[in-house]
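Enquirer: Need coordinates for the below:
(one chain, ligands or ions: 1)
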Amino acid sequence: MTEQLDLIHRPRRLRRTAALRNLIAEVDIAPRNLIRPLFIDEAASGTRPITSMPGVERWSLAALPRIVEAAANAGIGAVLLFGVPDEKHDDGRGAWDDAGVVQRAVRRIKQVAPDLVVITDVCLCEYTSHGHCGFVPDGAPENPVNDASVAALCRVATSHAAAGADLIAPSDMFDGRIGAIRRSLDGAGFSHLPIVSYAAKFASAFYGPFREAAGSAPTFGDRRSHQMDPRNGREALREIELDIEQGADIVLVKPGLAYLDVLARARDRFDVPLAAYSVSGEYAMVKAAAANGWIDERSIVLESLTAFRRAGADLIVTYHALEAASWLRSR
Ligand code: PBG
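Expert: Numbers count the residues shown, from 1 in each chain. Below you'll find the model as predicted:
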């Protein structure tokens, strides 16, 4: 004899078949939501592996068309460029060199795949010999100076714009840089170019593998005088608000999975397009566990991407973008 409970509400009714589950699913992921970071390595010939990020390589300018064509064919939303210059300087001047590694990469990509959206990361940390995101004063080397660094970032942004970037993405977290970059772009004839602001970027241990990839670990100190304290969620909303006031067209929360609360709160509060960045450490953890056979990589990645969408992200920056796009197509 089967017992029957006297229930009105049975949420399982809508989970009974795959077709019913699909009918009521709240969110989807599509390749167009995904952004793939690309490391462009000025000194490499061909590609160079990144030990802590299996499956992600640093690409030389000569080899770049191969990955760019793969990205275009995968139908992903955009690529996000990071430069790995062969020479670093105290002031990071390679970052605003019109013949710099990112500027050349943008021009090359526009020849190979003119319709692929190209976003450029704007920061000095990959270009400074000390690895800090801006100029460091002698007295307090752990506190990069704000306003002079912002002026340098403005030069970087206009130089990327002149090379043909579609979107400019400042990742430094200095005060006032969105407004300053907006004015510089406008003054240089790029008032049509949107800015993706890394608006709520936390000082995070999850960036470890990236710093190997980009050779950008600070040689002294850390980034806690400008990136946010992981304890602060309300402050993140304040940072996002300031960046929107200053003209950010898209705002980004970073890292990803550990900061979904910030993402969800930002979604409630703001109506601009919202991006999440699933960072290098998140990628490395998934790859390491998958390599040991401890998790199913494909399921873990698609579930995580779904979580970003559910929390409110329109766009997700992920090193898994190309694999995820092919998994989504074969589903
Ligand atoms: C540059 C920058 C960093 C990342 C993106 N842009 C590193 C940092 O702030 O140290 C990290 C991305 C990742 O870990 O995948 N400022």
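Enquirer: what about dumping the CA coordinates of stretch 80-97 to CSV?
Expert: The C-alpha atoms that make up stretch 80-97 are tabulated as CSV, following Å, rounded to 0.1, in the frame of the first residue of the first chain:
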residue,chain,number,x,y,z
LEU,A,80,39.8,40.1,-23.7
LEU,A,81,43.5,40.9,-24.3
PHE,A,82,46.4,40.9,-21.9
GLY,A,83,49.9,41.9,-23.0
VAL,A,84,53.0,40.1,-21.9
PRO,A,85,55.7,42.5,-23.1
ASP,A,86,59.3,41.3,-23.6
GLU,A,87,60.6,44.3,-21.7
LYS,A,88,59.3,45.9,-18.5
HIS,A,89,60.1,49.5,-17.3
ASP,A,90,59.9,51.3,-14.0
ASP,A,91,57.0,53.4,-15.3
GLY,A,92,55.3,50.8,-17.4
ARG,A,93,55.7,52.8,-20.5
GLY,A,94,55.3,49.8,-22.8
ALA,A,95,51.6,49.9,-21.9
TRP,A,96,50.9,53.1,-23.9
ASP,A,97,53.4,52.4,-26.7
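Enquirer: mind listing what's buried in it?
Expert: Within stretch 80-97, the residues scored as buried using 16 or more other C-beta atoms under 10 Å are 80-85, 88, 91-97. Heads up, the C-betas are built off the backbone N, CA and C, glycines and all.
Enquirer: Among the residues you listed, which one sits closest to the ligand?
Expert: Phe82 (6.8 Å; C-beta to the nearest ligand atom).
Enquirer: Pull the most distant pair out of the buried residues of stretch 80-97.
Expert: Using C-beta to C-beta, the pair of the buried residues of stretch 80-97 lying farthest apart is Leu80 and Asp91, separated by 24.2 Å.
Enquirer: Point out where the stretch 101-250 of the chain drops to low pLDDT.
Expert: In the predicted model, the stretch 101-250 of the chain carries pLDDT under 70 at residues 139, 141.
Enquirer: For Asp97, give me the pLDDT.
Expert: Per-residue confidence (pLDDT) for Asp97: 98.
Enquirer: quick one, what contacts whichever residue of the stretch 101-250 of the chain sits closest to the ligand?
Expert: Per C-beta to the nearest ligand atom, Phe210 is where the stretch 101-250 of the chain lies closest to the ligand, at 3.1 Å. Listed by C-beta atoms under 8 Å, 6 or more residues apart in numbering, the contact partners of Phe210 are 216, 279-281.
Enquirer: how about 10 Å then?
Expert: Contacts here follow C-beta atoms under 10 Å, 6 or more residues apart in numbering; on that basis Phe210 touches 37, 39, 50, 52-53, 56, 82, 125-126, 204, 216-217, 279-281, 283-284, 319.
Enquirer: what does Arg310 give?
Expert: Neighbours of Arg310 in contact, by C-beta under 10 Å, 6+ apart: 26-27, 29, 260, 263-264, 267.
Enquirer: how about the residues of the chain near the ligand?
Expert: Proximity of the chain to the ligand, by C-beta under 6 Å from any ligand atom, involves residues 121, 123, 125, 133, 171, 207, 210-211, 223, 279-280.
Enquirer: Inside strands: which ones of those residues?
Expert: Those of the residues of the chain next to the ligand mapping onto strands are Asp121, per DSSP state E.
Enquirer: got the residues of the chain next to the ligand as TSV, with distance to Pro11 columns?
Expert: Shown next, in TSV, are the residues of the chain next to the ligand (distance: C-beta to C-beta, whole Å):
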residue	distance to Pro11
Asp121	43
Cys123	46
Cys125	48
Cys133	48
Ser171	42
Tyr207	40
Phe210	41
Arg211	45
Arg223	45
Val279	35
Ser280	38
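Enquirer: Leu80 in helix, strand or coil?
Expert: strand (DSSP: H, G, I helix; E, B strand; the rest coil).
Enquirer: ok, it to Leu315 distance?
Expert: 10 Å (C-beta to C-beta, to the nearest Å).
Enquirer: same thing with Phe220?
Expert: 34 Å.
Enquirer: What count of nearby residues applies to Trp59?
Expert: 23 (other C-beta atoms under 10 Å).
Enquirer: in the sheet, who's paired with it?
Expert: Trp59 has the following beta-bridge partners by DSSP bridges: Ile40, Thr47.
Enquirer: Check the gap between it and Ala213 for me.
Expert: 11 Å.
Enquirer: Repeat that for Leu305.
Expert: Leu305 is 21 Å from Ala213, by C-beta to C-beta.
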